[in-house]
Every structure is written in C-alpha cells, then in structure tokens.
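Student: the sequence and its predicted three-dimensional model are supplied below.
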Amino acid sequence: MSDPHRSSARPAEPAVRALQLRQQLHHHAHRYYVLDEPEIPDAEYDKLFQELQALEAAHPELASADSPTQRVVGAVLDHFAPVRHAVPMLSIRTETDTEATGAQAFDARIRRELGLAEGDAQVQYVAELKFDGLAINLRYEHGTLVCAATRGDGEVGEDVTQNIRTIGQIPLRLQTGTNSLPLSGRAGVGAAPPPVLEVRGEVYMRRDDFEALNERQRGKIAQGAKNEKTFVNPRNAAAGAVRQLDPAIAARRPLSFFAYGLGEVVLPEGQSPPETHHGWLMQLRDWGFPVASQTRLAQGAEELVAFHRDMGQGRDALPYDIDGVVYKVNSLALQKRLGFVTREPRWAVAHKYPAQEQLTMVLAIDVQVGRTGKLTPVAKLAPVFVGGVTVTNATLHNEDEARRKDVRVGDTVVVRRAGDVIPEVVSVVLDKRAHDGLLFTMPRQCPICGSAAVREEGEADYRCTGGIFCPAQRKEAIVHFAHRRAVEIEGLGDKLVEQLVDANLVRNLADLYRLGFAALASLERMGDKSANNLVAAIEKSKQTTLARFIFGLGIRHVGEATAKELARHFGKLDAVMDASENQLLEVADVGPVVAQSIRTFFAQPHNREVVEQMRALGLVWPEGEPAAREVLPLTGKTLVITGTLPSLSRDEAKDKIEAAGGKVAGSVSKKTDYLVAGSEAGSKLTKAQELGISILDEAQLMELLNGSA
C-alpha cells in the first residue's frame, strides 16, 4: 500500500523516516482521540506504530521524549477540565500474532521472567475480553462517584463526569451492606465503602444500540437536519457521546460499561485487599459494577489458547465489538514482582484477532442483481486481508449509501468485515483522493436482463422488474413458483432447481413444462423413479387455481391473501394483467404501492410472454365473472398465530382464517385484532397481553370462524 509521506524514489533515511512516522502517529492520534474522526483503521495505525518501534530499536539514538512509543498517546480537550490521574493509565502491550502462538509466547515470557523451570507449577491468569470502546477512570470517595475522566495522555485526562453519570450501568454510589462480598475474606468488612476507590473500565456501545442510533440519525438527515451525521462504528459513537458538552445529548446516546481494573485504592484501616486480580473483579461486581461474564481464570498457556479460540469463534455473536482478548497474571504479588517496562505492564498483554478494518483502493463499482431482483452496488477492490480472509468485493448497500459515503473509483477506502458478514465500505479517506471521479448513479435498467429497474416510493433499493424472466432471479422464481402454497410441484426443491438452472435445462418458468424424463434422468443423483415422480408432479401442477398462479408469479408485495383478492375481484387472469392502477386500487388489500408493483410486472413484455407460454403448455385454472364481495365472519380482521395448536397445523389455521375473510399477519401490533395462541407461545403472546389484544385458543378460533362467537 502506498504511503504519501514516503518518497517513491528510494527508502527514506532512518532519521527522516522516524520523524515522518512520529508526525503521522501524532496526526492520527489527534483525529482518533480528540476529533473522533479517524482517517485510518486501527490496524493501519498499529502498523505505523510497530514500524517506529522497530526503527527506534535498531537506532536507539533516534528515540526522543516526544515519541509515541515513549508515552500513551492522547490529548486533553480544551473545553473539558483536566484531571491528573493518581495512578497513571498505562496501555497494555499488544500481541499481533493472531494465532495460538501469541498466548504461548506470553506465557513463556512470564515463566522466564519469574524464573520458573519446565517442571514448576503453571502460572494462573485472568483472561478477559478486549473491548472496542473508550477507557474511563471512575473515582469514588466514601462510596460516591465524584469524578470520571478519560485516559487522555495517561497522566492527565478529561473530566467527563456529567456525561458518565448518564450511563445507567455505572453506579453513582457503591452497593455496600451486609450482602457485600467482604474483602480478603473478613466477614462484614465489605459493608463500609472505601475512602478512595478508582475503577477502570470501558465505555462502549452495543451493536443494536449503535444501529438504532444511526437509524435515528438517518431519519434526521432525511428530514433536512443540518450538522447531523451517521457514525462509522460503535467505538466512535461512544467516544463522541462521552465528549458531548451537553449531558442531555450524551443521555440520548445509549452507552454501556464494563469494569476491568483499578487505579488508586485507599481502604479503611484494618481492611486487607484481595490478593488477586480476579478477586478484585469479583469485589467490583459485588459493589455494583458490570464485569463481562466471559472473564475466566486460566491455568497456563493451554487454557489461554482455548480462551482465545473460544472467544474468537463466538466473537460475532456478542452484542458488542471486541478486537481481541487480554491476559493478566492473576496474583497481585507476582504483578508487582514483574513490574513495568516503559509504557506498559510486563504482567499483561492484549492478544488481537485479525483486523476487521483495513485500507484498500476501489478499482471499479459494479451492480449485482440478487435472487429477489434487488440491485446492489458493489465496490471492486484491490485485494486486502481483513477479518481473516482476502477481500476483493465490498457492498455499498444502495445508491443513497454510495452517495452518502461519496465512494468513487480510485478512492482509498476503509473496508470492514466481521465474521461471515459481507464486507462493506465504511468510509473514504478523502485526504488520499487525487482525482475527480464521478458520483455513483444506479442504472435504470437491470444489468442482467435489461428490464426496467425501479425504486418504489419510500424504498431505498432499486429492483429489476424482470421477475420470472431475469436470469439472476431464475432460481428464486422457480422455487417460489413450485412452493406448496403456490402452484405446488412436489419434489422440486432448492437443490434440484440449482441443478436444472446450472445445466441450462430451465431458463424460465415455462421451461419447467418442457422437461421430459430423459432430461431429468440425466441429472446427477436422479434415478428413474425420481425422474418419473417429478414428471408426474409437473403434470399435476398444470391443474391449479387463479389465486395460486398469481401468487406463484412472485410479484413483489403480492402475497397469498392479495392473490386471492385479485382472483376474486377480477375473476380472470387477463383482467388482472390489463387492469389500470385505479382499477387495482378497488381491490381489497391493494394500496398504491401494491398496485404500482402489479402494473410494473405486467408492463414488462417478457413477463407476459412467459405467462402466455405456460398457458400454451397446458396450465389451466377455473375462471369466471368477478365475485361479489361477501361479508364473512372475519372480514376486515387481522389475526396472528403463535405456538402449537392442538389439532390444526399453522397452514391449516391460516387457510381457515383467510377463507373466513380474515388476514394473517406475522407479527403483533396495535392493528392486530386477535392472537391465536397454542402451547409454547412466546414473545408474541407477551406483546399481545401488553397491548390488550384478545387472545384465542383453537376452540375459540373455531367458534369465531363459525360465526358463533
């Protein structure tokens, strides 16, 4: 990756390069800690820091007092009062080897420095999560929170007490009393709060809270609010909230906290502290501080390796971001014996996971068409190793997001990948833009089939209107058409559809009815009996109903209930295909969005052509004159089904409700009229009870269906 501060002609001299690195690190530290507007991901900063460390180690004369390697980086904001830490807030050494050897190397170093031989007892450690948030020091005097300060430069931080007081997880007063865990095992001594207690931990933002915050921000921006922005990641959202001058604004930002260590501690006379780090964590938990439940004791290197592996595997399931784990020698006596080196304790190390953010360049922006017709802009990237894999593509989500982030071909961008999540472009490094590329614009035709690409009112995404014709949607369209609630072709599942499409035997829905025994029998793992059964199922599906056929076409927003209303209202398929939007709006359950979707689908000549081909190949259904709308027992009523009913399956209950004129919804809301609850009903039942919605069992539902309730 190119470095704008390095000469392209030849490598810089060590002294020049050291100066460049110090300038860059100070610049990026200011952007990260002070402005909360980082230009590069953490992994890129770490690379620069490690390069400077190596350079100063090889040339000791280059080390200077102002080097970032000699102190904890950071600065005090002018508009917050400075707070001098009674005990410096030092950083922990980072182990960048993301494999098991990182834990093994730490244990080997600790044993060597303690003078332990191979046959000696294993060292006990505390294994913790490395949270991706903002470090905070909380000072309590006689049990009451009196000051909260950021790390700052490690010696002096910023007074953010008023903002920290808004975090519900942080106790304003210690929980002390007869139930408190006694220090050092002495009964009752935990009842008195210590004269001075400084608790250190991490302020962070949960992922769901972060997404909700950004959703609110997007809403404000859409309404024309000025000086509003969305946040790059939870860490920066949390840091920005802590540094708000107005505590009322901070209170609206959903922050959380975990405790993991101590600063200054003064205990009452005669009271002895715990002898281990883990003992202190348990004491902090008893005083009312949240301590991560994943924290565990570990004996030797083997259990550290297991912790690193287990947390890595479960990393993406956590409700908050972590970028590694931390190992600490548990014995405080051994910690004191090991001591410190320069800016970090010898008795602890942070063991990172593969970086989830990296820098790379946008080579092109393509548009992909999904199985449901959604058009997604995708950035084609110079290959970069991020999140444990090499990434060459990253989603831009939709046209609005691509424009909001202002991503252009040739840009240097921050790419993020978390576990199995599709990589995404987080932001553009504008300082590295050296061109005037064009803003991205979504094409108005599907790049696969040429059909119109439309964006419905209120929707963020463009969609191909090719439906049953578009090759990108072919597999999804066939699976939906063959579903038992649609036309129903028994035995035609996802895997078989994959084979048929990949073998180019089926290019659209009509091709299903051209399949013969010979073509099917030639497929892998398809025996003669299976081929005969599928031929018979395809033949049987030719006899269907108008409602099932309409539903099977997969028109956007047209579900089973709407398909039934269309069939009842128009009576004939041609009438549906030729109906104007105003005529469609006369149908119950059809609003402007659904009407437009139906018109758009049938306005595509190739969609109509596929329908006519299926008719010519023998698909038939009863047709007649439009039926008068009958007032049925559940006309106009919305029901939700939850749990297991005694004798009815979910589909049987749904059919009966719809036959009685009702509508079945998937979630409970204020618009729900009844909840049909069977055994093992879950959260839907709870929500219905909270909203005061009528609850029915199966017997009461049958009475309602029969009009006797």
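Tutor: Nice, I can see it. Quick caveat, the model's predicted, so the values are computed rather than measured.
Student: residue 207 touches residue 317, doesn't it?
Tutor: No - counting by Cβ atoms under 8 Å, residue 207 sits too far from residue 317 to count as a contact (10.6 Å). Quick note: C-beta positions are derived from backbone N, CA and C, even for glycine.
Student: burial of residue 149, as a residue count?
Tutor: 27 (other Cβ atoms under 10 Å).
Student: tell me the SS of it?
Tutor: Recorded secondary structure, residue 149: strand (DSSP: H, G, I helix; E, B strand; the rest coil).
Student: residue 563 - how many residues pack around it?
Tutor: Around residue 563 there are 24 residues (other Cβ under 10 Å).
Student: no wait, residue 527
Tutor: Residue 527: 11 neighbours (other Cβ under 10 Å).
Student: what does the one 10 residues further on give?
Tutor: Neighbourhood size, residue 537 [other Cβ under 10 Å]: 15.
Student: avg pLDDT for the helix or strand that contains it?
Tutor: Taking DSSP states H and E as the criterion, residue 537 maps to helix 528-540. Across helix 528-540, pLDDT averages out at 95.
Student: cool, and stretch 694-705?
Tutor: For stretch 694-705, mean pLDDT rounds to 91.
Student: backbone dihedrals for residue 609, please?
Tutor: phi -60, psi -40 (degrees, to the nearest 10).
Student: repeat for residue 546
Tutor: The phi and psi values for residue 546, taken as degrees, to the nearest 10, are phi -60, psi -40.
Student: per-residue pLDDT, it?
Tutor: 96.
Student: so how many other residues sit close to residue 624?
Tutor: By other Cβ under 10 Å, the residues close to residue 624 number 9.
Student: isn't it right up against residue 571?
Tutor: Yes - between residue 624 and residue 571 a contact is recorded at 5.0 Å, counting by Cβ under 8 Å.
Student: and for the closest residue to residue 645 other than its chain neighbours, the neighbour number?
Tutor: Among residues not flanking residue 645 along the chain, residue 678 sits closest, at 4.1 Å (Cβ to Cβ, 6 or more residues apart in numbering). Residue 678 has 18 neighbours, counted by other Cβ under 10 Å.
Student: what sits against residue 678?
Tutor: By Cβ atoms under 8 Å, 6 or more residues apart in numbering, the contact set of residue 678 is 641-646, 697-698.
Student: gap between residue 401 and residue 465?
Tutor: Distance of residue 401 to residue 465, given as Cβ to Cβ, to the nearest Å: 22 Å.
Student: ok, residue 665 next?
Tutor: From residue 665 to residue 465 the distance is 27 Å (Cβ to Cβ).
Student: who's more crowded, these two?
Tutor: residue 465 (25 against 15).
Student: what strand or helix carries residue 45?
Tutor: In this structure, residue 45 sits in helix 42-58 according to DSSP H and E.
Student: so what does that helix touch, helix or strand wise?
Tutor: Counting contacts by 3 or more Cβ pairs under 8 Å, 6 or more residues apart in numbering; DSSP states H and E, helix 42-58 is packed against helix 14-29, strand 357-369.
Student: rank these by mean pLDDT and give me the bottom one.
Tutor: When the helices and strands packed on helix 42-58 are compared on mean pLDDT, helix 14-29 scores lowest, with a mean of 85.
Student: which parts of that helix are buried?
Tutor: Buried residues in helix 14-29, counted by 16 or more other Cβ atoms under 10 Å: 17-18, 20-22, 24-25, 28-29.
Student: ok, back up a step: show the pLDDT at the residue nearest to residue 645.
Tutor: We have a pLDDT of 91 for residue 678.
Student: can you check residue 353 too?
Tutor: Each residue has a pLDDT score; the one for residue 353 is 84.
Student: ok, how many other residues are close to residue 367?
Tutor: Residue 367: 18 neighbours (other Cβ under 10 Å).
Student: thought it was touching residue 378?
Tutor: Yes - look at residue 367 against residue 378 with Cβ under 8 Å: they come within range, at 7.2 Å.
Student: list the contacts of the residue positioned nearest the centre of the chain.
Tutor: Closest to where the C-alpha atoms of the chain average out (Cα atoms, centre = their mean) is residue 207, at 6.7 Å. Residue 207 makes contact with 234, 319-321 under the criterion Cβ under 8 Å, 6+ apart.
Student: what do you get for residue 464?
Tutor: Contacts of residue 464 (Cβ under 8 Å, 6+ apart): 369, 373, 375, 446, 448-449, 451-453, 470, 472-473.
Student: now it: how far from residue 581?
Tutor: Counting by Cβ to Cβ, the gap from residue 464 to residue 581 is 20 Å.
Student: could you do residue 450 as well?
Tutor: 24 Å.
Student: how about the strands in the stretch 301-450 of the chain?
Tutor: Taking DSSP state E, counting those that start in this stretch, the strands of the stretch 301-450 of the chain run over residues 322-329, 340-341, 344-345, 348-352, 357-369, 374-386, 389-395, 412-416, 424-428.
Student: now the angle from the fourth one to strand 322-329?
Tutor: Note on geometry: by axes from the mean of the first three to the mean of the last three Cα atoms, to 10 degrees, strand 348-352 and strand 322-329 are set 150 degrees apart in direction.
Student: how far is strand 348-352 from where the chain is centred?
Tutor: Centroid separation for strand 348-352 versus its chain: 25 Å, with Cα atoms, centre = their mean, to the nearest Å.
Student: cool, the third one as well?
Tutor: Chain-centre distance of strand 344-345: 33 Å, with Cα atoms, centre = their mean.
Student: tally up the residues packed near residue 57, please.
Tutor: By the criterion of other Cβ under 10 Å, residue 57 has 11 neighbours.
Student: distance of it from residue 106?
Tutor: Residue 57 is 19 Å from residue 106, where distance means Cβ to Cβ.
Student: now do residue 597
Tutor: Using Cβ to Cβ, residue 597 is found at 59 Å from residue 106.
Student: more neighbours: which of these two?
Tutor: residue 106 (24 against 21).
Student: give me the element the more buried one is part of.
Tutor: Per DSSP H and E, residue 106 falls inside helix 101-114.
Student: once you drop chain neighbours, what's closest to residue 626?
Tutor: Going by Cβ to Cβ, 6+ apart, residue 626 has residue 571 as its nearest residue, at 4.5 Å.
Student: quick check, the one you found in contact with residue 623.
Tutor: Yes - taking Cβ under 8 Å as the definition, residue 571 is a contact partner of residue 623 at 6.1 Å.
Student: looking at the two, which is more packed in?
Tutor: residue 571 (17 against 14).
Student: next up, the contacts around that one.
Tutor: With contact set as Cβ under 8 Å, 6+ apart, residue 571 has these partners: 546, 623-627.
Student: now the two most distant members of those.
Tutor: Within the contacts of residue 571, 546 and 625 form the most distant pair, 12.5 Å apart (Cβ to Cβ).
Student: which residues does the helix holding residue 537 contact?
Tutor: So helix 528-540 is in contact with 489-492, 496, 512-513, 515-517, 520-521, 523, going by Cβ under 8 Å, 6+ apart.
Student: give the burial count for residue 406, as a bare number.
Tutor: 14.
Student: per-residue pLDDT of the residue lying closest to it once chain neighbours are set aside, please?
Tutor: If the residues on either side of it in the chain are set aside, residue 406 comes closest to residue 428, at 5.8 Å by Cβ to Cβ, 6+ apart. The per-residue pLDDT reported for residue 428 equals 91.
Student: distance check, residue 428 against residue 442.
Tutor: Using Cβ to Cβ, residue 428 is found at 19 Å from residue 442.
Student: would you agree residue 221 is in contact with residue 230?
Tutor: Yes - proximity of residue 221 to residue 230 meets the contact threshold set by Cβ under 8 Å, at 7.4 Å.
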